[in-house]
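**Student:** structure of the sequence below:
(4 chains)
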4 protein chains.
Amino acid sequence: MFSWPVRVYWEDTDAGGIVFYANYLKFFERARTEWLRSLGIGQQQLKASTGGMFVVAQTSVRYLRPARLDDELMVTASLQQSGRASMTIEQQVLLKDTLLCEGSIRIGWVDASSMQAARIPLTIIESLRVKP
Amino acid sequence: MFSWPVRVYWEDTDAGGIVFYANYLKFFERARTEWLRSLGIGQQQLKASTGGMFVVAQTSVRYLRPARLDDELMVTASLQQSGRASMTIEQQVLLKDTLLCEGSIRIGWVDASSMQAARIPLTIIESLRVKP
Amino acid sequence: MFSWPVRVYWEDTDAGGIVFYANYLKFFERARTEWLRSLGIGQQQLKASTGGMFVVAQTSVRYLRPARLDDELMVTASLQQSGRASMTIEQQVLLKDTLLCEGSIRIGWVDASSMQAARIPLTIIESLRVKP
Amino acid sequence: MFSWPVRVYWEDTDAGGIVFYANYLKFFERARTEWLRSLGIGQQQLKASTGGMFVVAQTSVRYLRPARLDDELMVTASLQQSGRASMTIEQQVLLKDTLLCEGSIRIGWVDASSMQAARIPLTIIESLRVKP
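**Tutor:** Residues are numbered from 1 along each chain as shown, chains lettered A, B, ... in the order given. Predicted coordinates for the structure are as follows:
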């Protein structure tokens, strides 16, 4: 399973002394982006070549334990389901062996200028199939 | 139903030209905070007086249509369910009459120093009951 | 002088228990945006009609005292200097009568597609002159 | 000179298609934090052991060229001046050999509970002197 290290900085925390919960969505996205990059999928380049881009359609996140300043987290990404119109990615944030947070992120594809939903380009689907 | 206006600034947008999806969690929280404040519940003051604070335990968000720079959004908050250990708040982001985004946020209560789950103070429960 | 209220939410704070210093740049920008809007200058509309946009060229900020969760701040904006290529805006963040933070923000104008520097449209310059 | 890689993700960009200028302060801080860590200075641990923490007292940043989604930036940090009450760090953001942004960050030391200015602990001063 793909995983990506994320260090917690001041910018990530809030006055509760812990990572602000909205920021786990950022951590998830960094891991998804690096997972796609590891499969040869660059998002800036895709937008330039296809005129399309991924958009997040749904997020579901459970917060189990807090992360803190200086923590070195591991963030995982794995494809749970993939269709022509959207895909769902399962993700976890771990501190050593402790699960802090887990989420399910459904992503669609849109035309970048009209923001209308469109089919995910076949090259992406194929890249995802090669390395599930 | 409680609603709170939120204006979209550059800080809220991303290179897709739309509001970055993680930022809707911030918009939801601003509305929740103002809704609690309208019920006489101040979070800084609660932390000082009880030693406890709210933490987000679960979020579920559906993104229907994008918001853009300069949009003036309305964000709603209403109590869906309330127990001694947690409560669930339903929230929507609207642009005029169009629903852009909706979410369900489950919130727990913790001791701020130990981060251990605790019962929501009765004064809060009672404030919430007065104005459902 | 133009001023704009900004409430401090959890999203704005860090684990030091205070507003994260980078976020004052967001507060400054909200006030600048509303100041421009009060002069009839809408940025989304400007980008659509002229193909250009403001970009920040230089920021200088002094942090004097911290702001905290739930604080209701006032953020000011006033034009210090204005030329054809850039303008400088003086800004302050106040909590009641106490100055927390002050900054000087130099802003240029660019063509949005090429990001090349360009002259600020005359309509903007004139709007700024009417109400200094 | 110390340098630290920073990748640009969606979270860092704005609707202008470029990195939002306030976020360079985050990039600078990540590099400063890793630079301090490389000298054996951990901030979470310092706060626990000394009761004090760094706070940013002044920032001055010049934005020369924009960074974009997927860019892999290098962020430098070097000590320009160091006293008992504050230190100034010079920082740059580079894309390959191109300077995008440069800043000067003055940092003080405070007691974390009172937020009163205090002298930087000698152990920190000494760590900084060993590797300038």
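**Student:** I'd say A:S86 and A:F54 touch.
**Tutor:** No - using CB atoms under 8 Å, A:S86 makes no contact with A:F54, being 9.6 Å away. For glycine as for every other residue, the C-beta is placed from the backbone atoms N, C-alpha and C.
**Student:** any residues in contact with both of those two?
**Tutor:** Common neighbours of A:S86 and A:F54 are listed as A:107-109 (criterion: CB atoms under 8 Å, 6 or more residues apart in numbering or on different chains).
**Student:** which of A:S86 and A:F54 has more neighbours?
**Tutor:** Higher neighbour count among A:S86 and A:F54: A:F54, with 23 against 18, using other CB atoms under 10 Å in any protein chain shown.
**Student:** mind listing what the more buried one touches?
**Tutor:** Listed by CB under 8 Å, 6+ apart, the contact set of A:F54 reads A:43, A:107-109.
**Student:** pLDDT, secondary structure and neighbour count added to those residues, as a markdown table?
**Tutor:** Shown next, in a markdown table, are the contacts of A:F54 (pLDDT from 0 to 100; DSSP: H, G, I helix; E, B strand; the rest coil; neighbours: other CB atoms under 10 Å in any protein chain shown):
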| residue | pLDDT | secondary structure | neighbour count |
| --- | --- | --- | --- |
| A:Q43 | 87 | helix | 19 |
| A:I107 | 97 | strand | 18 |
| A:G108 | 96 | strand | 19 |
| A:W109 | 95 | strand | 22 |
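**Student:** tell me which two of those sit farthest apart.
**Tutor:** Taking CB to CB as the measure, those span a maximum distance of 14.1 Å, between A:Q43 and A:G108.
**Student:** quick one: low-confidence ranges for chain A?
**Tutor:** Scanning chain A for pLDDT under 70 picks out the ranges A:130-132.
**Student:** change it to 50
**Tutor:** A:132 (pLDDT under 50).
**Student:** stretch A:67-79 and chain B in contact?
**Tutor:** No - Stretch A:67-79 stays clear of chain B (CB under 8 Å from any CB of the partner chain), getting no nearer than 9.5 Å.
**Student:** burial of A:S3, as a residue count?
**Tutor:** So A:S3, with other CB under 10 Å, has 17 neighbours.
**Student:** cool, A:S60 as well?
**Tutor:** Going by other CB under 10 Å, the residues that sit close to A:S60 add up to 17.
**Student:** roughly how far does A:S60 sit from A:D71?
**Tutor:** As defined by CB to CB, to the nearest Å, A:S60 lies at a distance of 23 Å from A:D71.
**Student:** all strands of chain A, in order?
**Tutor:** A:2-7, A:52-63, A:72-82, A:86-95, A:98-111, A:117-118 (DSSP state E).
**Student:** show me what the shortest one is packed against.
**Tutor:** Read it as strand A:117-118. The helices and strands touching strand A:117-118, judged by 3 or more CB pairs under 8 Å, 6 or more residues apart in numbering or on different chains; DSSP states H and E, are strand A:98-111.
**Student:** ok, which residues in chain A are in contact with chain B?
**Tutor:** Within chain A, the positions near chain B by CB under 8 Å from any CB are A:16-18, A:21-23, A:25-26, A:29, A:53, A:55-63, A:65-66, A:112, A:115.
**Student:** ok, now with 6 Å
**Tutor:** A:16, A:21-22, A:25-26, A:53, A:56-63, A:66, A:115 (CB under 6 Å from any CB of the partner chain).
**Student:** looking at the residues you listed, which one is closest to chain D?
**Tutor:** Relative to chain D, the closest of those is A:K26; by CB to the nearest CB it sits at 4.6 Å.
**Student:** verify the contact between the closest one and D:E11 for me.
**Tutor:** Yes - applying CB atoms under 6 Å, one finds A:K26 in contact with D:E11, separated by 4.6 Å.
**Student:** roughly how far does the residue of chain A most remote from its centre sit from B:A48?
**Tutor:** Residue farthest from the centre of chain A, counting by CA atoms, centre = their mean, is A:A15 at 25.5 Å. To B:A48, A:A15 is 12 Å away according to CB to CB.
**Student:** spatially nearest residue to A:R68 (excluding sequence neighbours)?
**Tutor:** Once flanking residues are discounted, A:R68 sits nearest to A:I18: 5.9 Å by CB to CB, 6 or more residues apart in numbering or on different chains.
**Student:** equivalent analysis for A:I105, please.
**Tutor:** Distances taken as CB to CB, 6+ apart put A:I89 closest to A:I105, at 5.0 Å, once the chain neighbours are dropped.
**Student:** quick one: contacts for the one you found?
**Tutor:** By CB atoms under 6 Å, 6 or more residues apart in numbering or on different chains, the contact set of A:I89 is A:32, A:77, A:105.
**Student:** do the same with A:A67
**Tutor:** By CB under 6 Å, 6+ apart, A:A67 lies in contact with A:8, A:19, A:73, A:100.
**Student:** what does chain A put close to chain D?
**Tutor:** Contact residues (CB under 6 Å from any CB) of chain A with chain D: A:9, A:11, A:26, A:30, A:33, A:42, A:44, A:69-70.
**Student:** what about A:I124, how many residues nearby?
**Tutor:** The local packing of A:I124 (other CB under 10 Å) involves 21 other residues.
**Student:** for A:G51, see how far away it is.
**Tutor:** 14 Å.
**Student:** I'd assumed C:D70 was in contact with the residue farthest from the centre of chain A.
**Tutor:** No - at 9.9 Å, A:A15 does not count as touching C:D70 under the criterion of CB under 6 Å.
**Student:** what is A:A118 paired to in the beta sheet?
**Tutor:** Going by DSSP bridges, A:A118 is paired in beta bridges with A:W109.
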